[in-house]
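Participant: model the following, please.
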Amino acid sequence: MDDFASQPLPRWKRAVLKVGSSLLAADGGGLSPRFALGLAQFVLASLQAGREVVIVSSGAVAAGRALLPRVADAAPTIAAKQALAAMGQAQLMALWQRFFERPVGQVLLTHDDLRNRRRYLNARAALLELLRVGALPIVNENDTVAVDELKLGDNDNLAAAVASLVDADLLLIATDIGGLYSGHPVHDPTARPIVNVDTVTPELLRAAGGHAGALGTGGMRTKLEAAAKAATAGVATALFCGRDAATVTALAQGDLRGTLVAAQGSRLRARKQWLRHAPASGVVSIDRGAHAALLRGASLLPGGVCGVEGDFRRGDVVDVRAPDGVVMARGQSQYNAGDGTRIAGHHSRDIEAILGFRYDEAMIHRDDLVLLHGIDTGKEAA
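Facilitator: A predicted model of the protein is given here:
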């Protein structure tokens with residue numbers, strides 16, 4: 001079997017690293033640091049280089065199996081898996097914490113959290129704040145409360161959603177094989193490595209179909225599905241073998257020995273393209289100072305807001321109306337219409353005193369705002 005040729009990783013400042021159960025589960029049950037250690041060393045090297053990493057980690061159910069084998073040996077009902085996950089979450093967090101001097105922070109998500117605008121923004125705010133204070137976020141699906149219709153189904157797709165959620169530059173998926181092959185690498189002796197994928201096609205997805213190992217829920221197909229979702233959000237995906245020490249070590253040097261799935265345009269451009277065509281639920285009127293600030297690429301602060309119209313919720317898209325009456329921008333509001341009305345014209349430092357809480361200093365953050373009529377610069381935030 002051919003090895004994957006080395007290629008440079010895309011430049012990145014913030015990445016999401018997905019680690020599956022097959023890399024964390026011990027042979028006799030429970031969790032093992034065998035492969036997690038190398039991945040943790042890569043994360044540590046990245047943090048020391050000034051980068052940010054969010055880990056999406058499976059393994060809670062596997063950890064729970066070792067704590068209560070009689071439950072694990074019974075029929076694998078949803079309730080049994082929920083119970084095992086509840087017991088195993090602490091063990092999973094302890095495994096990751098042992099590798100880092102900085103604190104790790106657990107964030108559990110369900111599909112419902114990501115499709116509900118308010119909870120989506122709350123999850124985003126929590127993850128970004130963990131990064132801001134220097135903690136290491138560890139994300140997992142909330143198996144203890146998720147049921148079939150709410151489950152994301154696998155942590156590959158969860159990782160793609162988190163990459164979009166935190167505005168990551170790169171999605172890294174650690175697998176138990178080298179990457180994507182032209183055929184099944186075990187059953188097809190003619191299978192060859194696929195180093196680069198420009199577009200995830202239906203034909204490629206069909207070729208990657210197949211079942212995952214006994215400990216995982218997602219095979220290569222789900223990893224490609226996740227890569228396709230990340231690509232539409234402007235995020236490249238790297239698939240690599242998390243069991244190969246040399247491959248993991250090379251990652252810290254910026255070299256990928258695996259498969260790179262290209263992003264479809266830039267991250268912020270994809271986000272702003274969606275904002276440009278999203279229906280607006282209300283209108284925020286601004287003064288001349290705010291108008292000039294937005295043209296310079298700044299966020300919309302409440303001090304520059306003159307009026308609020310409509311009955312929008314936090315996370316809804318609203319139009320931004322300039323002093324001349326022209327709608328000059330559109331963005332996602334950090335506050336609902338009622339709260340926006342109360343803080344309009346006030347300094348950001350006064351938000352908490354007025355509302356009793358503060359989501360953000362801005363009414364609309366610059367990354368969640370697009371200028372209309374062809375005047376948006378499209379510049380990405382530093």
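Participant: for the stretch 151-300 of the chain, give me the ranges with low pLDDT.
Facilitator: Applying pLDDT under 70 to the stretch 151-300 of the chain picks out residues 151-153, 209-218, 268.
Participant: what about the strands in it?
Facilitator: Ranges of strands within the stretch 151-300 of the chain are 170-175, 180-181, 193-194, 196-197, 236-241, 255-256, 258-261, 282-286, based on DSSP state E, counting those that start in this stretch.
Participant: could I get those as CSV with mean neighbour count and distance to Q97?
Facilitator: The C-beta positions use only the backbone N, C-alpha and C, and glycine is treated the same way. Output for those, formatted as CSV (neighbours: other Cβ atoms under 10 Å; distance: least, Cβ to Cβ, whole Å):
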stretch, mean neighbour count, distance to Q97
strand 170-175, 29, 19
strand 180-181, 24, 32
strand 193-194, 19, 35
strand 196-197, 16, 35
strand 236-241, 25, 24
strand 255-256, 18, 28
strand 258-261, 27, 27
strand 282-286, 22, 43
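Participant: quick one: contacts for D198?
Facilitator: A262 (Cβ atoms under 8 Å, 6 or more residues apart in numbering).
Participant: ok, now the one 10 residues further on?
Facilitator: Residues in contact with A208, defined by Cβ under 8 Å, 6+ apart, are L180, G219, M220, R221, K223, L224.
Participant: how about a cut-off of 10 Å?
Facilitator: 180-181, 183-184, 194, 200, 219-225 (Cβ atoms under 10 Å, 6 or more residues apart in numbering).
Participant: ok, now A66?
Facilitator: Contacts of A66 (Cβ under 10 Å, 6+ apart): A25, A26, G28, G29, G30, L31, A72, L84, M87, G88, Q91.
Participant: and with 7 Å instead?
Facilitator: G29, G30 (Cβ atoms under 7 Å, 6 or more residues apart in numbering).
Participant: quickly find the element holding it.
Facilitator: Here A66, judged by DSSP states H and E, is contained in helix 60-67.
Participant: please compute how far that helix lies from its chain's middle.
Facilitator: Computed by Cα atoms, centre = their mean, to the nearest Å, the chain-centroid distance of helix 60-67 equals 25 Å.
Participant: swap in stretch 87-101?
Facilitator: 20 Å.
Participant: can you tell me what sits against that stretch?
Facilitator: The contact list for stretch 87-101 (Cβ under 7 Å, 6+ apart) reads 31, 33, 36-37, 40, 44, 55, 57, 59-64, 67-68, 104, 106, 136, 138.
Participant: flag every buried residue along that stretch.
Facilitator: M87, G88, Q89, Q91, L92, M93, L95, W96, F99 (16 or more other Cβ atoms under 10 Å).
Participant: ok, for V195, nearest residue in space, not its chain neighbours?
Facilitator: For V195, ignoring the flanking residues on the chain, the nearest one in space by Cβ to Cβ, 6 or more residues apart in numbering is A5 at 5.8 Å.
Participant: what residue of the chain is the furthest out?
Facilitator: D324 (38.8 Å; Cα atoms, centre = their mean).
Participant: how about it, what does it touch?
Facilitator: Contacts of D324 (Cβ under 7 Å, 6+ apart): none.
Participant: next one, pLDDT for it please.
Facilitator: D324 carries a pLDDT score of 93 in this model.
Participant: quick one on the thing from earlier: what about the residue nearest to V195, distance to L260?
Facilitator: Distance of A5 to L260, given as Cβ to Cβ, to the nearest Å: 11 Å.
Participant: okay, and P137 sits in which element?
Facilitator: strand 136-141.
Participant: near E361, how many other residues are there?
Facilitator: Neighbours of E361 under the rule other Cβ atoms under 10 Å: 14.
Participant: would you check that it makes contact with S348?
Facilitator: Yes. In this structure, E361 is within contact of S348 by Cβ atoms under 7 Å, at 3.9 Å.
Participant: residues that sit against both of those two, list them.
Facilitator: Shared contacts of E361 and S348, counting by Cβ under 7 Å, 6+ apart, come down to L301.
Participant: nearest residue to A26 other than its sequence neighbours?
Facilitator: Closest residue to A26 apart from its sequence neighbours, by Cβ to Cβ, 6+ apart: S32 at 3.8 Å.
Participant: and the one you found, what is it in contact with?
Facilitator: L24, A25, A26.
Participant: of the residues you listed, which is the most crowded?
Facilitator: Most crowded among the contacts of S32, counting by other Cβ under 10 Å, is L24 at 27 neighbours.
Participant: for that residue, which non-adjacent residue is spatially closest?
Facilitator: L24's closest residue in space is G59 (Cβ to Cβ, 6+ apart), at 4.0 Å.
Participant: any idea how far stretch 284-303 is from the middle of the chain?
Facilitator: Per Cα atoms, centre = their mean, the centroid offset for stretch 284-303 relative to its chain is 29 Å.
Participant: kindly report the same for stretch 108-123.
Facilitator: 12 Å.
Participant: ok, stretch 189-199 next?
Facilitator: 26 Å.
Participant: between the two ends of it, how far is it?
Facilitator: 25 Å (Cα to Cα, to the nearest Å).
Participant: now swap in stretch 107-126 and tell me
Facilitator: 8 Å.
Participant: now do that stretch, average pLDDT.
Facilitator: Throughout stretch 107-126, pLDDT has a mean value of 83.
Participant: now do the buried residues in it.
Facilitator: Quick answer for stretch 107-126 (16+ other Cβ under 10 Å): 107-114, 117, 120-121, 123-124.
Participant: for stretch 313-324, same thing?
Facilitator: Buried residues in stretch 313-324, counted by 16+ other Cβ under 10 Å: R314, G315, D316, V317, V318, D319, V320, R321, A322.
Participant: of the residues you listed, closest to K18?
Facilitator: If you rank those by distance to K18 using Cβ to Cβ, G315 comes first, at 25.3 Å.
Participant: and the residue nearest to that closest one when sequence neighbours are not counted, backbone torsions?
Facilitator: Nearest residue to G315, sequence neighbours excluded (Cβ to Cβ, 6+ apart): R117, at 3.1 Å. Phi and psi for R117, reported as degrees, to the nearest 10, are phi -60, psi -40.
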